[in-house]
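Colleague: Dropping a prediction and its sequence here:
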Amino acid sequence: EGADVMKEFTEKTIARVESTESTKTPDGSMTEKEGSETENASDAGDGEGKPVPEELNPWSKDLIGIPINYFSVGVIYAGSVSILYPILVIQNGVDASFFAAAVSLVTLFWSFKIFFGLLCDTLPIFGHKWKPYVVIGWVLCAAMLVVLASMGDEMLPLMASWYGLRTRKLTVNAAASKPLIYIAREVGRICINVVIICGFSGPQVNCPGYESDPNVPCTTDESIMARNELSEEYPEDWCHMKCSGAQFDFGMTIPQYAWLIAAINLISIPSYFMLKEEKKERIQVTKVLSDFWYTAQRRAVWQVMLYTMISSITFNVFIAAKTPANYVWVGLSTLQHQVLSIVESFIFAAGLSLIRKYCLGFSWRKMMWIGSIMVTFFNCLYLLIVYDVIRNPWFYMFTDVSDTFLYTLNFLASVFCIVEISEPGFEAITYSLITTANNAIIPLSVVISYQFMAFFPDLNTQDGIASDTPAVRNQFALLILITESINLTSLLSLPMLPRQKEETRELMENGGRSKFWAAFTLISGLLFLIYSTVVTFMTVAGADTYGCLKILGGRGCTEDESDGPVIFLMCFAFAYCYGINFYFTFWPIIKGEKKFSWGVFF
């Protein structure tokens, strides 16, 4: 999560309960020393004679807008992403590369949050930096949804998701110091997923080619008929019948869905007017940029940024073919998909609580090892589905939910050191730099994931996967092994991540500064973001024209289309990761400046 309007407001209010130095933890708990309790820290201070402020009540009139905001964020975020599976995969049968790009598209502006933070800092409205932008953002979001809903059934569902999320970017959620904020967001996600279960589990979405009007003849499009099992048994009236994939006889239209989310946004707006915010002087753009540049030059900052970028590129590469395979091989319905999303929300919240209670003093590197190895294990269980040992949606849901909990370990381990490397007065800037580095790289991992489909064209389409030949199964198994191997190589960058607070402070004190590496980190992150943004837009917006290009995950627009461009771009991204890791981890050993020890990875 990044530095944005509610991030800064939350830090300046609820996060005031955090003390500095050793008392700060990423989830906002107060620790005087390892194992101490929040209550003791509040009574005794922070161990250095500094009084710890009394914890504020987020449900008070002055702060109630914060959890409500994050609830709304959960609604619009999950509402944008979760609706894509039933609409695109089940109803329209899109390719794996298109679906992966579509999901990335609706979350793409997540990576640009730092620019909205810059806008709020440098252009306050009537002296207020946060509250007006929070209100404006949600009003724009609701207005866009109303406009799109008014378009009726002609509205493209992907447009509704994308533009609804894009306007929401003025009020995107952020990592706040209280688990309550995450929980409020997850509650919002759960609620909208329940709506999707009730509204999109009917035949209109889950039975391809379905027509509610009995006077409308059934389509003769073979690609649609092949995805509805009733077309063979009832060749005349199959499109007017409820198929096995539909759970209910009723349903909701996309415009009605957009109206509902818009109403939730509008109802929440009054609570934002109650937020208490003191007036602030406008900050000059040059001052903000100067502070960013000053902070980025510290080794503790750019090294953690580089670690976040190279580990995220490799660890977040995923198997894009899983989505169509889940529908074709496993028969994952809308109901089951949304139940999975709901359970994942509970697991994420539970994982945060457990780690906060038991693992704050645990080695961040070991945490990454545990999370990465276990995620790889559960991902490899998909081989049982590939080779038809067990093709059960509930089995898949078990493996995916387990992944979610373990991904929580990696997520927290990668951001724990942020608090420790923040200099007083530069906390928000440090946070925004590191989280933006991560957010800017996520779309690149998605692009790489669906570019692999160019080498496995049979896995890119539902028809290819449905053939279920030994060759298709072996290709899928090979893709799994390649992807999981790339994920595991993220562990090679662990020497760049401090083990715990002590090493982080030592890096702060003795790491020095570097203009070159600061510029290198910022420029490379920006270039990766621009590249992935362009490719993502081309994959979705230009699907009819450019979707066949191998660089966009297609099988090639011509028989002799070269693999060279996609191979070059993928190799460049991986060379960036492994080259940086080699330079900082192994080159000093080769030069004799350090001695090799397996302990550098733990």
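Modeller: Cool, got the structure. Numbering: from 1, shown residues only.
Colleague: Next one: Glu232 from Trp238, what distance?
Modeller: According to CB to CB, to the nearest Å, Glu232 stands 8 Å off from Trp238. Heads up, the C-betas are built off the backbone N, CA and C, glycines and all.
Colleague: Revised request: answer the last question for Ser562.
Modeller: Distance of Ser562 to Trp238, computed by CB to CB: 43 Å.
Colleague: Show me which of those two is the more surrounded one.
Modeller: Trp238 (21 against 11; other CB atoms under 10 Å).
Colleague: what's near enough to touch the spatially closest residue to the more buried one that is not a sequence neighbour?
Modeller: Nearest non-adjacent residue to Trp238, counting by CB to CB, 6 or more residues apart in numbering: Leu230, 4.0 Å away. Neighbouring residues of Leu230 by CB atoms under 8 Å, 6 or more residues apart in numbering: Cys207, Trp238, Met241, Cys243.
Colleague: Show me the helices in the stretch 1-150 of the chain, by range?
Modeller: 5-12, 38-44, 65-81, 84, 96-106, 113-122, 131-150 (DSSP state H, counting those that start in this stretch).
Colleague: ok, back up a step: got a winner among the contacts of Leu230 for most neighbours?
Modeller: Cys207 leads these on contacts (other CB under 10 Å) with 24 neighbours.
Colleague: Tell me the predicted confidence for that one.
Modeller: Confidence at Cys207, expressed as pLDDT, is 90.
Colleague: what do you get for Leu306?
Modeller: 90.
Colleague: gap between it and Ser312?
Modeller: On the measure of CB to CB, Leu306 and Ser312 end up 11 Å apart.
Colleague: what's the answer for Ala543, then?
Modeller: In terms of CB to CB, Ala543 sits 26 Å off from Ser312.
Colleague: Same question for Asn206.
Modeller: 35 Å.
Colleague: what sits against Leu119?
Modeller: Tyr133.
Colleague: out of the contacts of Leu230, which are inside helices?
Modeller: Applying DSSP state H to the contacts of Leu230, no entry is found in helices.
Colleague: want to try a markdown table for those, with distance to Pro86 as columns?
Modeller: Shown next, in a markdown table, are the contacts of Leu230 (distance: CB to CB, whole Å):
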| residue | distance to Pro86 |
| --- | --- |
| Cys207 | 11 |
| Trp238 | 20 |
| Met241 | 19 |
| Cys243 | 13 |
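Colleague: Mind naming the longest helix for the protein?
Modeller: Assigned via DSSP H, the chain shows its longest helix as helix 515-541.
Colleague: Pull the residues that contact the helix or strand following it.
Modeller: As assigned by DSSP states H and E, the chain's next helix or strand after helix 515-541 is helix 543-546. Defining contact as CB under 8 Å, 6+ apart, one finds that helix 543-546 is touched by Phe98, Met538, Thr539, Leu552.
Colleague: try it again with 7 Å
Modeller: Phe98, Met538, Leu552 (CB atoms under 7 Å, 6 or more residues apart in numbering).
Colleague: quick check, nearest of those to Phe126?
Modeller: Nearest to Phe126, judged by CB to CB, of the contacts of helix 543-546 is Met538 at 41.1 Å.
Colleague: The closest one contacts Gly553, doesn't it?
Modeller: No. Counting by CB atoms under 7 Å, Met538 does not reach Gly553; the two are 10.7 Å apart.
Colleague: quick one: which of those two has more around it?
Modeller: The neighbour comparison of Met538 against Gly553 (other CB under 10 Å) goes to Gly553, with 29 against 17.
Colleague: What separation do you get for the spatially closest residue to that one that is not a sequence neighbour and Ala477?
Modeller: Spatially, and ignoring its direct neighbours in sequence, Gly553 is nearest to Ser97 (2.9 Å; CB to CB, 6+ apart). Relative to Ala477, Ser97 is positioned 20 Å away (CB to CB).
Colleague: How about Ala541?
Modeller: 33 Å.
Colleague: Show me where the stretch 1-150 of the chain dips below the pLDDT cut-off.
Modeller: 1-56, 58 (pLDDT under 70).
Colleague: could you redo the last one with a cut-off of 50?
Modeller: 1-53 (pLDDT under 50).
Colleague: Need the nearest residue in space to Trp329, chain neighbours excluded.
Modeller: Arg391 (5.3 Å).
Colleague: Just the pLDDT for Ala258.
Modeller: For Ala258, the predicted pLDDT is 89.
Colleague: what about it, which helix or strand?
Modeller: Counting by DSSP H and E, Ala258 is found in helix 254-273.
Colleague: Which residues belonging to that helix are considered buried?
Modeller: Using 16 or more other CB atoms under 10 Å as the burial criterion, the residues of helix 254-273 that qualify are 254-255, 257-262, 264-266, 268-269, 271-272.
Colleague: and it, what other elements does it pack with?
Modeller: Helix 254-273 sits against helix 65-81, helix 131-150, helix 157-167, with contacts defined as 3 or more CB pairs under 7 Å, 6 or more residues apart in numbering; DSSP states H and E.
Colleague: Figure out which of these is closest to Leu433.
Modeller: helix 131-150 (20.6 Å).
Colleague: in the closest one, what counts as buried?
Modeller: Buried residues in helix 131-150 (16+ other CB under 10 Å): 131-142, 144-145, 148-149.
Colleague: For this protein, which element, helix or strand, carries the lowest mean pLDDT?
Modeller: Ranked by mean pLDDT, DSSP states H and E, the weakest helix or strand in the chain is helix 38-44, scoring a mean of 38.
Colleague: Please read off the pLDDT at the residue lying closest to Ile310 once chain neighbours are set aside from the model.
Modeller: Residue nearest to Ile310 in three dimensions, not counting chain neighbours: Cys577, with 4.1 Å by CB to CB, 6+ apart. We note a pLDDT of 93 for Cys577 in this prediction.
Colleague: element containing Cys577?
Modeller: helix 564-581.
Colleague: what's the closest non-adjacent residue to Ala440?
Modeller: Leu529 (4.1 Å).
Colleague: residues near that neighbour, how many?
Modeller: Counted with other CB under 10 Å, the neighbours of Leu529 add up to 21.
Colleague: what's the pLDDT at it?
Modeller: Per the predicted model, pLDDT is 86 at Leu529.
Colleague: And it, how far from Val386?
Modeller: 34 Å.
Colleague: circling back to that earlier point, so the residue nearest to Gly553 makes contact with Met453?
Modeller: Yes. Between Ser97 and Met453 a contact is recorded at 4.7 Å, counting by CB under 7 Å.
Colleague: what's the overlap in contacts for those two?
Modeller: Joint contacts of Ser97 and Met453 (CB under 7 Å, 6+ apart) are Ala320, Asn460, Gly553.
Colleague: Put together JSON lines for those, with pLDDT and distance to Leu522 on each row.
Modeller: Formatted as JSON lines, the shared contacts of Ser97 and Met453 follow (pLDDT from 0 to 100; distance: CB to CB, whole Å):
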{"residue": "Ala320", "pLDDT": "92", "distance to Leu522": "29"}
{"residue": "Asn460", "pLDDT": "92", "distance to Leu522": "35"}
{"residue": "Gly553", "pLDDT": "84", "distance to Leu522": "29"}
